[in-house]
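J.: sequence and predicted structure below; questions after.
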Amino acid sequence: MSKQAGKQLPAAIERVREQFEEWRAHKSGRDRIPERLWAAAAEAARRHGVHAVSRAVRLEHATLRQRVEAMDLNKPEAVAFIELGHEAPQSVGCVVELEKGNGTRMRICVRDGASVDWSRMKEAFLGA
């Protein structure tokens, strides 16, 4: 009996394991693993660890690790805060600063705050 026999797998790993089992049950011969399954396994491994996913899904550890590393390299870089000026111009009627949890900030200076759709501005910045 394996060490993990009594342990419950996280839901994300269990879903990926089930997807792989379904694919394995219906594949013919030595079919390549579909890219969608590799992507699902890499995403689960990014969250829960390569070892846990490779073991549960029965994938080669090194290949899955390479997929996760390639996935991380393809992520867009985080946008850094850029300060455009030290003080708001004297003619500005409204200054709004937004900050994400990761420290990214945006500062908006406008003359007429009523003319700006603040809700859309917040959604565009925070992705909410």
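T.: Received it, and whenever you're ready, just let me know what you need. Numbers count the residues shown, from 1 in each chain.
J.: show me where the chain has its helices.
T.: Remark: helices assigned in the chain by DSSP state H are 11-26, 35-48, 50-57, 61-73, 118-126.
J.: deepest-packed of those, please.
T.: Among those, helix 50-57 has the highest mean neighbour count (mean count of other CB atoms under 10 Å), at a mean of 20. Using the backbone N, CA and C atoms, a C-beta is placed for each residue, glycine as well.
J.: low-confidence ranges, the protein, go.
T.: Scanning the chain for pLDDT under 70 picks out 1-7, 72-92, 101-102, 128.
J.: okay, now the domains of it?
T.: The record's domain parsing of the chain by automatic domain parsing lists 11-73, 77-128.
J.: and the first one, how far from the chain's centre?
T.: Between the mean C-alpha point of domain 11-73 and the mean C-alpha point of its chain there is a distance of 17 Å (CA atoms, centre = their mean, to the nearest Å).
J.: can you tell me how far residue 122 is from residue 112?
T.: Note on residue 122: its distance to residue 112, by CB to CB, to the nearest Å, is 18 Å.
J.: let me redo that: residue 40
T.: 48 Å.
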